[in-house]
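>>> Predicted coordinates and the sequence they were generated for:
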Amino acid sequence: MRRAGSERAGGFLTASDFGFLPEFGFLQETSGFRKRLQRMLIAVDAMGGDHAPEAVVAGAVRAAHEDGTGILLVGDRDRIANELARLEPAETIEVVHATEVVDMAEPAVAPLRRKRDSSIRLCGDLVRAGRAQAMVTAGNTGAATIVAKVVVGTIKGVDRPALAGVFPNPRARTVVLDVGANVDSKPQQLREFAVMGHFYAQEVIHTPSPRVGLLSIGAEEGKGDDVTRRVFEVMKTTGLNFVGNVEGSDVFGGEVDVIVCDGFVGNAILKSAESLVEFVAATLRTELGRSWRTRMGAALAAPAFRALRRHIDYTEYGAAPLLGVNGGCFIAHGRSNPKAVQSAIRRAVEFCEADLAGKIRDKVAELHAQEELLLRPPGPRETRAS
């Protein structure tokens with residue numbers, strides 16, 4: 001039976017479509033479409049980012065064609081349809097109509113209060129309802145974080161989700177968290193960050209036994225402020241491959257795979273790294289173009305420059321995951337191009353295939369159970385034995 005407001009031929013769904021069909025998903029049209037709904041679906045905020053919806057739709061189409069990913073494009077259906085009309089049709093893409101957009105300058109709480117039919121809010125609704133397994137947005141970071149925490153919800157036992165940044169190193173990648181979702185984090189929260197970073201490095205970066213370090217002002221035990229010293233002791237109880245304190249130089253050094261820090265510090269690292277890359281690129285362009293000799297040298301070294309660019313290019317990785325929520329939430333750079341959007345969708349798929357949320361949930365529950373055992377008062381038999 002066909003519901004009013006649903007346009008199967010154009011692949012359009014409206015916000016009302018997800019609330020009325022709890023047993024069959026948000027559209028019950030054809031058996032072929034129901035089979036596709038059984039596959040993994042990623043909700044993509046088509047209206048988020050500096051180049052939306054053009055870049056987002058193009059990246060989603062690339063992910064559908066090249067990777068076979070099932071995608072729900074959320075946003076203004078007319079604008080999305082215009083972009084899709086210029087591209088090769090993809091059978092694994094559906095459109096969910098949203099009437100509102102949360103702009104970059106708007107407060108983070110906008111999707112909870114004034115703009116409940118915004119594209120970023122509906123992405124969260126889709127994940128919470130189980131219609132999508134993860135969401136990807138290049139829009140307002142604060143709004144995405146709020147939607148993930150409040151609408152999607154945090155994993156039981158996780159006090160605060162953490163935003164993980166992925167940085168290149170000579171061997172592979174270094175996961176740094178938190179890079180901006182939290183400030184003034186408590187020791188127990190930083191311990192949770194370590195657990196989440198461990199599993200992300202293991203399952204998505206494919207590091208078998210991630211080495212976890214605590215960011216401080218020196219590698220020696222006892223270095224750092226009071227909170228850092230307290231966190232050091234707490235980290236010993238995680239059962240992870242904790243290697244002790246590390247310094248800022250280890251972010252790109254390759255001697256550690258996961259670095260745990262407060263969001264205030266992590267965000268400073270992230271913004272400094274982005275600025276440094278832009279500075280180096282601009283300086284190279286200027287210096288290599290100064291004379292015919294430097295231009296000739298640049299031409300000869302072009303393969304090396306291309307390899308370097310691939311290694312440090314943020315579009316190769318795509319997005320930062322917000323770890324600790326029930327489902328995947330990936331926040332891409334505001335100026336993401338189609339390649340970056342496709343990469344972000346790939347990371348979301350890897351996250352879901354590895355059941356990362358479930359593994360984080362189990363490990364956090366184990367740590368809390370250990371705490372309760374240590375804090376539990378001794379029973380009569382234990383008292384007599386002592």
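Received it, and whenever you're ready, just let me know what you need.

>>> Please count neighbours and contacts with C-alpha atoms only from this point.
Noted.

>>> need the helix or strand of this protein with the lowest average pLDDT.
Ranking every helix and strand in the chain by mean pLDDT, DSSP states H and E puts helix 31-37 at the bottom, with a mean of 38.

>>> May I see the buried residues of the following helix or strand past that one?
As assigned by DSSP states H and E, the chain's next helix or strand after helix 31-37 is strand 41-45. Using 16 or more other CA atoms under 10 Å as the test for burial, strand 41-45 gives 41, 42, 43, 44, 45.

>>> of those residues, closest to residue 236?
Closest to residue 236 out of these is residue 42 (36.5 Å), distances taken as CA to CA.

>>> ok, that closest one - contacts?
69, 70, 71, 72, 132, 133, 134, 135, 136, 345, 348, 349 (CA atoms under 8 Å, 6 or more residues apart in numbering).

>>> filter the residues you listed to the buried ones?
Of the contacts of residue 42, these count as buried by 16+ other CA under 10 Å: 69, 70, 71, 72, 132, 133, 134, 135, 136, 345, 348, 349.

>>> Assumed residue 156 was part of a strand.
No. Residue 156: not assigned to a strand; according to DSSP: H, G, I helix; E, B strand; the rest coil it is coil.

>>> And it, how close does it get to residue 138?
27 Å (CA to CA, to the nearest Å).

>>> Neighbour count for those two, which is higher?
residue 138 (31 against 14; other CA atoms under 10 Å).

>>> Residue 329 is in contact with the more buried one, correct?
No. Residue 138 lies out of contact with residue 329 (CA atoms under 8 Å); the separation is 11.0 Å.

>>> give me the element residue 305 is part of.
Here residue 305 sits within helix 302-312, counting by DSSP H and E.

>>> and residue 162, what pLDDT?
pLDDT for residue 162: 91.

>>> partner residues bridging it?
residue 323 (DSSP bridges).

>>> And the nearest residue to residue 167 once chain neighbours are set aside, how close does it get to residue 352?
Counting by CA to CA, 6 or more residues apart in numbering, residue 167 lies nearest to residue 174, which is 5.1 Å off, once chain neighbours are set aside. Distance from residue 174 to residue 352, counting by CA to CA: 20 Å.

>>> For the chain, just list every one of the strands.
Counting by DSSP state E, the chain has strands at residues 12-13, 41-45, 70-75, 93-97, 134-137, 162-168, 173-177, 211-215, 241-246, 258-260, 319-323, 328-332.

>>> Quick one: closest of those strands to residue 303.
strand 162-168 (18.7 Å).

>>> Would you mind getting the angle between the closest one and strand 173-177?
150 degrees (axes from the mean of the first three to the mean of the last three CA atoms, to 10 degrees).

>>> For residue 338, see how far away residue 68 is.
For residue 68 relative to residue 338 (CA to CA), the value is 16 Å.

>>> Turn the contacts of residue 42 into TSV, including pLDDT and distance to residue 254.
Listed next are the contacts of residue 42 as TSV, based on pLDDT from 0 to 100; distance: CA to CA, whole Å:
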residue	pLDDT	distance to residue 254
69	92	32
70	94	35
71	94	35
72	95	37
132	94	35
133	93	32
134	94	29
135	95	30
136	95	28
345	94	26
348	92	24
349	92	26
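
>>> Any chance of those in CSV with distance to residue 106 as columns?
Conversion of the contacts of residue 42 to CSV gives the following (distance: CA to CA, whole Å):
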residue, distance to residue 106
69, 31
70, 30
71, 27
72, 24
132, 26
133, 27
134, 23
135, 20
136, 19
345, 25
348, 26
349, 29
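
>>> if we take the residues you listed, which one ends up nearest to residue 263?
Set against residue 263, the nearest of the contacts of residue 42 by CA to CA is residue 136 (20.8 Å).

>>> Any idea what the closest one is bridged to?
residue 44, residue 330.

>>> can you pull the contacts of it?
42, 43, 44, 45, 329, 330, 331, 332, 344, 345, 348.

>>> Closest to residue 291 out of those?
residue 332 (37.9 Å).

>>> Compute the distance between that closest one and residue 362, please.
27 Å.

>>> try residue 354
Using CA to CA, residue 354 is found at 14 Å from residue 362.

>>> and the longest helix along the chain with helix 302-312, angle?
Assignment by DSSP state H gives helix 263-288 as the longest helix of the chain. Relative orientation of helix 263-288 and helix 302-312, computed by the same axes, to 10 degrees: 170 degrees.
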